[in-house]
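Participant: sequence first, predicted coordinates after that:
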Amino acid sequence: MDLQLKGVLPATVTAFREDGSVDIDAMHRYVDWLCNVPGVTGLVCNGHAGEGGFLTDEERQRVVRAHVDAAAGRVPVISGILSDGTMAAAREAERAASAGAAAALVYPAHSWLRFGYQTGAPVDRYRMIHQASGLPSVLFLYPDSTRATFDIHTILEVCATGAVTAIKNGVRNMARWDDEVPIIRQEFPAITQLTCQDEYLLHTLWEADGALVGFAALAPELIVALNAAAATQQYAEAKAVYDRLAGLTRSVYRRANHLEATVALKVGLHERGLLPAPTVRSPLMPLTSEDEARVRAAVRNVTSTNQMPPKSATPD
């Protein structure tokens, strides 16, 4: 398994027309823009930011193809695998592989969020998906606030299957981060560690190999700069970038409902001229006019201070 996922990997949104259908042309333009940002090393589609759970099987496959076509070999494309049942997830991964995905971001079974999982079930899930699709997997560590989080013993068991090329670490528990990342590195040094904690990037990038985050789908230039500063242990430079992002971080991620971050990302991308419409699918709902105005103002502030491309830079 020679796929090395390091650096900044934006978790992309899925572009919809105002009627709710997938807008492949807009996806092509958006993905091409991301690939042209120096420091973007991969793209992750069909995840939470991409509303992957709200797409049909056929739509998820089309989204992978759109990413692969637009990326044109510049960066690998990783597809989220969200099906609850392991057999269904394995078939989903097969479809992603046939559409050109280079790896699978494997989500815990949705039913585990409430009920937890039986001993051995995570190993079985990752092994079956890898065997069916041939795709290397990104192990997704859910927050401690869910019953789908994996303890260190389970993490090591899943890594030992040989299916895992990287870990997307979202435990949102700094004690666990500090204790477990060194253990995983010692036991499996070839497996890369990626933070997905958008609102805690300054705190986690120092011990990570990069970031797999939705934030990079909206502000990739600044996330790349933050990651580069952290990788070279330049704290003052990293803190300066983090501080520039503060208003955008608050407006996108520090919300009562974390799912609203996807809605806010789309509003921000529309403000940047990178989506023709900020349309989301139910059960997501549009932001209030006041919240939307705050997101747009935060994007304009970052744009004006960091020379991000104006709306006119991207075709409608």
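Facilitator: Here it is on my side, so go on. Source: prediction; values computed, not measured.

Participant: in three-state terms, label the closest residue to W206 other than its chain neighbours for me.
Facilitator: Among residues not flanking W206 along the chain, A230 sits closest, at 5.5 Å (Cβ to Cβ, 6 or more residues apart in numbering). Where you see a C-beta, it was placed from the backbone N, CA and C, and this is true even at glycine. Three-state call for A230 (DSSP: H, G, I helix; E, B strand; the rest coil): helix.

Participant: and A230, how far is that from G210?
Facilitator: Separation of A230 from G210 (Cβ to Cβ, to the nearest Å): 9 Å.

Participant: E59 contacts D23, correct?
Facilitator: No: when contacts are counted by Cβ atoms under 8 Å, E59 is not listed as touching D23 (11.3 Å).

Participant: compare the two (neighbour count), which wins?
Facilitator: Counted by other Cβ atoms under 10 Å, E59 and D23 do not tie: D23 has more neighbours, with 21 against 16.

Participant: so which strand or helix has I78?
Facilitator: Here I78 sits within strand 77-81, counting by DSSP states H and E.

Participant: in that strand, what's buried?
Facilitator: Judged by neighbour count (16 or more other Cβ atoms under 10 Å), strand 77-81 contains these buried residues: V77, I78, S79, G80, I81.

Participant: which strands or helices does that strand pack on?
Facilitator: Counting by 3 or more Cβ pairs under 8 Å, 6 or more residues apart in numbering; DSSP states H and E, the packing neighbours recorded for strand 77-81 are strand 43-45, helix 57-71, helix 86-98, strand 103-106.

Participant: any idea which of the ones you listed is most buried?
Facilitator: Comparing the helices and strands packed on strand 77-81 by mean neighbour count (mean count of other Cβ atoms under 10 Å), strand 43-45 comes out on top with a mean of 29.

Participant: distance from it to the middle of the chain?
Facilitator: In terms of Cα atoms, centre = their mean, to the nearest Å, the centre of strand 43-45 is found 6 Å from the chain centre.

Participant: which other residues reach that strand?
Facilitator: Strand 43-45 is contacted by residues 9-12, 14, 31, 34-35, 50, 52, 63-64, 67, 71, 75-80, 105, 138, 212 when judged by Cβ atoms under 8 Å, 6 or more residues apart in numbering.

Participant: same check on stretch 51-66?
Facilitator: With contact meaning Cβ under 8 Å, 6+ apart, stretch 51-66 is reached by 13-14, 22, 24, 27-28, 31, 45-46, 50, 77, 79-80, 82, 92, 95-96, 98-101, 110, 262, 280-284.

Participant: elements contacting whichever strand or helix holds L265?
Facilitator: Assigned by DSSP H and E, L265 belongs to helix 260-271. In terms of contacts (3+ Cβ pairs under 8 Å, 6+ apart), helix 260-271 is packed against helix 215-218, helix 235-253, helix 289-306.

Participant: please identify the most buried of these.
Facilitator: Ranked by mean neighbour count, the helices and strands packed on helix 260-271 are led by helix 215-218 with a mean of 29 (mean count of other Cβ under 10 Å).

Participant: that helix - contacts with which helices or strands?
Facilitator: Using 3+ Cβ pairs under 8 Å, 6+ apart, the elements in contact with helix 215-218 are strand 7-10, helix 220-231, helix 235-253, helix 260-271.

Participant: can you redo these as TSV with distance to R176 and mean pLDDT?
Facilitator: Listed next are the helices and strands packed on helix 215-218 as TSV, based on distance: least, Cβ to Cβ, whole Å; pLDDT from 0 to 100:
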stretch	distance to R176	mean pLDDT
strand 7-10	22	98
helix 220-231	19	97
helix 235-253	20	95
helix 260-271	22	97
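
Participant: and what about the residue in the chain sticking out farthest from the centre, helix, strand or coil?
Facilitator: Here the chain reaches farthest from its C-alpha mean at T119, the gap being 27.2 Å by Cα atoms, centre = their mean. Three-state assignment for T119 (three-state DSSP): coil.

Participant: ok, it to H153 distance?
Facilitator: Distance, T119 to H153, by Cβ to Cβ: 10 Å.

Participant: next one: G100
Facilitator: Note on G100: its distance to H153, by Cβ to Cβ, is 35 Å.

Participant: quick one, which of these two is more surrounded?
Facilitator: Neighbour tally, G100 and H153, criterion other Cβ under 10 Å: the higher count belongs to G100, 17 against 9.

Participant: perfect, that will be all.
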